[in-house]
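1. What follows is a protein structure lacking sequence information:
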């Protein structure tokens, strides 16, 4: 065993034992004000004299949980780590009289001071006092830029997917997107969705393998969590405290519902179909593709032991048949296709099914300790990758399963609060071909795709599983300081199996009458070496220290630092294959280039994990005006995300399941093959046995080679903000802030191929990658590096009038962003230029310069609730290729589609709550009508982006929308809820 491997195994064994023992002991004897919890602080005085030693009680109105705190020498008391909800705060010495009702939101801090009629001495502590005054204030949240999303907004605003994250765009700087395939994602600023993290009951849901930010959200039409189990949540755009980890963009902090002292429950169903929507651009009123959307579920909660133990359970299901259009392209009409292909074009439905379960048990051991157990189960299947030129047979069946379990223990005293979690997670994402058999790709004489049928190429099995412990400790005994410290340890197994293409892919020219392919691509495992599977045992460790310092009555400073570290044995122990190393020794081009290829050759003992993920974070708030609660705030901080295993695993999987390509001799003038390696066509090559004869001994010769930098860094962002918030009137609140976020060291694959003189481009050219100039005996050589960057300078504006007890509420979120990046958003392959710097910084794609989200909830006559949501976006940038200067002088160019708005939708909803009467006096039925995209605006998701070839003018169709749309046409959706 080499020393590096021994070191890893030894350190992991010691760490696992230590942290495991620590976690179990914490669960047994102590336990942190979790992420998203709320707090109440205040002072008790009599005639301006602080009153120490008075017991203050906080009682949760719904479940009866009672918490106690004693005032300190300066008369102050503190409740930290309270679950958001409705509380009564009162004094024991006042015999429970004069309680103050307080509603705590996610992450909110409230100041509540009491004035009593007389001072208390040790001799008369048992005397009853009278509360003669109290003052309640919402404390400033430091430099954090955040927006709370209430349960009322979740329940009443119009919505399509029942994805609770759909309301995250109520926060400036955050987008909730629904792609043309129905999948949903969240992104902040100019960064990708992978940079976000969602924390549910204090626990991050990070995806360590795939894109999407959180598990299950890579290209999924499903929801990450039952909406009926979410109590409320908060969207933190930036400048979060040091306890937030594994993100460089927005943080979403949600708390789940709990059972109460009364039994409550509910049932719901939503429904819409093709008869309740307007036709899409490819349809007519009389010829719409059959489609349905059914969403349904129930929840129930209540007491097991009054005031002590409660349960909550929720289930939500979704059955969709979403419309897709299969249309031949490349100038070929349906009539030009063979009869068997004609039968596969036209409108089709793509099925989707999801089942989501959530359960919670909580037990109040004593006034100081609480135990809680939660579990989530997600089961999901769908047909994807159909539509456009891809037929149903060519599609992909995808499974997406997830299990998460969290056992937490909370312990509070007058001076500290401790919260510990024991965690388990298991997630699997498995796309497989819808059909098993040969795949057929048809193109026209110019090489443009026409139609794809037969067996598709996609076969993957990826996921993560493991356990972890999380410990957060809050110490409040230091005057004017609240100090938090925490530790998280995870032992996670990652896996990725990728066999591409799984089915052989034969390419045909539909314009040439001979029924013979001109090319075939296929994949095969290397005998005795592997089958395209990569596995990793990862150890993750994170620690932080945070101090909230009330420097003066007006100034609060939050300062903290965190450090994260991760070891992955698949990265550290990987050995570059011997045949690749031998080929590099004879690679003339790389020796003459500026690439030090030794930085990418791994011996299994020359790689190191990144150790410099130090993240200082500082925020402040300064109250300028008490009358209007005008507060000036700001902050700066660094946040590290992580490298996705889906990128790093290619180094292994491509080395054990290579793809092959063969060109066949054909008389087709568009695909003449005169090379000595061209193969005479034989029908036997339509079989696996025939293809095996072309695999040159199946030693991987000719395969692509992926190599990762031995000193890989972790991506991060630096965040800066300044702003002001306050009350514009008794009912209206406003906030304005300036933001700058710069992210660096994003992962990218570059082409290492070099011509014999070491150059990338041919002499005099600025375009034309050096294909065919990789490692001798292999295909392309692709190297993984850090280098993707984004920049976003933004202006955020918030305006809000909470509905409360009034008849109406209003919220506005406006974002102006000037986004830049050096690579298309979400694209990790950068193969067109020698370095990422050669791409240059340019406007980031699909990030609008201006975005306005406006919502309102209004109670109409007859107690009908009306709600509306407007989403407007302008100036989204798209990318295209411009070869008008010459085929060796092509370049990437950007353009903004014409029109005032690149996205424009206005949704409304009506609901009426009807009491069921004597037969069920404690229940009600809600009838609901949603109208999505009321004005039937077509929101395009793609545009013609070919600027033209050598010597050509800009094509007439340039910049015009294609058939890809995002969101829905005008759709009516009916809903029925029964709550009891």
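-> Everything's here; your move. Note that the coordinates shown come from a computational prediction; the quantities given were computed from them, not determined experimentally. Numbers count the residues shown, from 1 in each chain.

2. Report the contact partners of the most centrally placed residue in the chain.
-> Among the residues of the chain, residue 213 comes closest to the average C-alpha position under C-alpha atoms, centre = their mean, at 3.1 Å. Neighbouring residues of residue 213 by C-beta atoms under 8 Å, 6 or more residues apart in numbering: 185-186, 193-198, 206-207, 247, 249. Using the backbone N, CA and C atoms, a C-beta is placed for each residue, glycine as well.

3. from those, which is closest to residue 86?
-> The shortest approach to residue 86 among those belongs to residue 198, at 24.7 Å (C-beta to C-beta).

4. and the closest one, what element?
-> Here residue 198 sits within strand 197-200, counting by DSSP states H and E.

5. Following the chain onward from that strand, which element is next?
-> strand 203-204.

6. Show me how far that following strand is from its chain's centre.
-> When C-alpha coordinates are averaged (C-alpha atoms, centre = their mean, to the nearest Å), strand 203-204 and its chain have centres 13 Å apart.

7. Spatially nearest residue to the residue nearest to the centre of the chain, not counting backbone neighbours?
-> Excluding the flanking residues, the one nearest residue 213 by C-beta to C-beta, 6 or more residues apart in numbering is residue 196, at 4.0 Å.

8. any idea how far residue 173 is from that neighbour?
-> Distance of residue 196 to residue 173, computed by C-beta to C-beta, to the nearest Å: 11 Å.

9. what do the two both touch?
-> Shared contacts of residue 196 and residue 173, defined by C-beta under 8 Å, 6+ apart, comprise 188, 250.

10. Now do the contacts for residue 265.
-> Applying C-beta under 8 Å, 6+ apart to residue 265 gives the contacts 298-301, 979-980.

11. give the contact list for residue 374.
-> Going by C-beta under 8 Å, 6+ apart, residue 374 touches 201, 256, 358-361, 405-406, 408.

12. what do you get if the cut-off is 6 Å, keeping everything else the same?
-> Counting by C-beta atoms under 6 Å, 6 or more residues apart in numbering, residue 374 touches 360, 406.

13. From here on, call the first residue 24.
-> Got it, first residue is 24 now, which makes that one residue 397.

14. tell me the mean pLDDT for stretch 902-910?
-> The pLDDT scores in stretch 902-910 average 93.

15. Pull up the gap between residue 894 and residue 928, please.
-> Note on residue 894: its distance to residue 928, by C-beta to C-beta, is 5 Å.

16. Can you pull out the low-pLDDT segments for the stretch 74-223 of the chain?
-> Along the stretch 74-223 of the chain, segments meeting pLDDT under 70 span 118-121, 143-165.

17. Actually, the stretch 474-623 of the chain.
-> Counting by pLDDT under 70, the stretch 474-623 of the chain contains no low-confidence segment.

18. Go again with 90.
-> Segments of the stretch 474-623 of the chain classed as low confidence (criterion: pLDDT under 90) are 499-500, 502-503, 533-539, 546-555, 573, 575-577.

19. Could you do the stretch 324-473 of the chain as well?
-> Across the stretch 324-473 of the chain, the stretches falling below the confidence threshold (pLDDT under 90) are 352-363, 390-391, 411, 435-438, 467-472.

20. those helices in the protein, which residues are they?
-> In the chain, the segments counted as helices under DSSP state H are 26-52, 174-179, 362-365, 592-595, 601-608, 611-614, 668-671, 673-679, 711-715.

21. Quick one: the contacts of residue 288 as JSON lines, columns for distance to residue 801 and neighbour count too.
-> Formatted as JSON lines, the entries for the contacts of residue 288 read as follows, by distance: C-beta to C-beta, whole Å; neighbours: other C-beta atoms under 10 Å:
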{"residue": "321", "distance to residue 801": "57", "neighbour count": "16"}
{"residue": "322", "distance to residue 801": "56", "neighbour count": "21"}
{"residue": "323", "distance to residue 801": "60", "neighbour count": "16"}
{"residue": "324", "distance to residue 801": "60", "neighbour count": "23"}
{"residue": "1002", "distance to residue 801": "64", "neighbour count": "16"}
{"residue": "1003", "distance to residue 801": "67", "neighbour count": "15"}
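
22. Nearest to residue 992 among the residues you listed?
-> Distances from the contacts of residue 288 to residue 992 were compared by C-beta to C-beta; the smallest belongs to residue 321, at 30.5 Å.

23. looking at it, the closest one is touching residue 290, isn't it?
-> Yes. Counting by C-beta atoms under 6 Å, residue 321 touches residue 290, with 4.6 Å between them.

24. now, which of the contacts of residue 288 sits nearest residue 175?
-> Checking those against residue 175 with C-beta to C-beta, the nearest one is residue 1002 at 14.0 Å.

25. Check what pLDDT the nearest residue to that closest one once chain neighbours are set aside gets.
-> Residue nearest to residue 1002 in three dimensions, not counting chain neighbours: residue 289, with 4.2 Å by C-beta to C-beta, 6+ apart. Listed pLDDT for residue 289 reads 95.

26. Neighbours of residue 289, how many?
-> Other residues near residue 289 number 18, with proximity taken as other C-beta atoms under 10 Å.
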